[in-house]
Structures are given as C-alpha cells and as structure tokens.
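1. What follows is a predicted structure for the sequence shown.
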Amino acid sequence: VALAAQPLRRCTYGWEMQVEGPVHWCGIGVAVHDLPTSDSLRREHARGKAWFYHSKGFLCDGDSFVGDEGVPPFRAGDRVAVRFDGVNGRVSFLLNGSPVPG
C-alpha cells in the first residue's frame, strides 16, 4: 500500500489497518518516498530506507532484523497500527491496540 509518493512533512503520522484474507508473507510499515517497491524490501538496498513489521513476527530495517525477539506475528482479523514520528525519526507499531516490542 503506497500512501505517499513524495516526502512527508516532519510531523507525526498514524494509521491502522485491519488485516484481511490469508496472510503468508506481509510487511506493514514505511519507506522513503523514492524506494522502488517492485521487489522485496527485505534486501540490502532497503536498509536505512524501509522499516516494517512482518506478519511472521519480526521487525526490519530493510534486510536487517531489529527489535526484541518477542515480536508477535499478525494474521487475518488483526489490527496493525503504525505510528511514524518524523520529528524524532521513529516508527512504532501496535497489534490489536497493544504496543509491539522493539
């Protein structure tokens, strides 16, 4: 899902998604505006440019795993919220209203 194909203002953004249908390999997060998304963002070229929460239960900075080992997976029926703090350069996630560790 592309929300903006241009740079965002330095402020805080937030959105929530209801996950529907079969979820096998899915990431929800943010990426810089000019990073091509035609290929997997779990590649070295996306490190420092894409940050996401993966359905298998991990957080990524491109091809690098980040965060705690206790990250829960998400599946159909779950709600995933993203909070992007452009002022402080932070991304955080909520799963069904609870903070995702990491």
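-> Happy to help now that I have it. Numbers count the residues shown, from 1 in each chain.
2. Direction included, what does the worst-scoring helix or strand of the chain on mean pLDDT pair against?
-> Within the chain, confidence by mean pLDDT, DSSP states H and E is lowest for strand 64-66 among all helices and strands, at a mean of 80. Applying DSSP bridges, strand 64-66 is found paired with strand 58-61 (antiparallel).
3. Can you give the contact residues for the strand it pairs with?
-> For strand 58-61, the external contacting residues (C-beta atoms under 8 Å, 6 or more residues apart in numbering) are 27, 29, 41-42, 47-48, 50-54, 65-67, 71, 93, 100, 102. Any C-beta I mention is one placed from the backbone N, CA and C, and that applies to glycine too.
4. CA atoms only: put that strand into PDB for me.
-> Taking C-alpha atoms only, strand 58-61 is exported to PDB below (Å, rounded to 0.1, in the frame of the first residue of the first chain):
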ATOM      1  CA  PHE A  58       9.800  -9.600  13.400                       C
ATOM      2  CA  LEU A  59      10.700  -6.000  12.700                       C
ATOM      3  CA  CYS A  60      13.000  -5.000   9.900                       C
ATOM      4  CA  ASP A  61      15.200  -2.100   8.800                       C
END
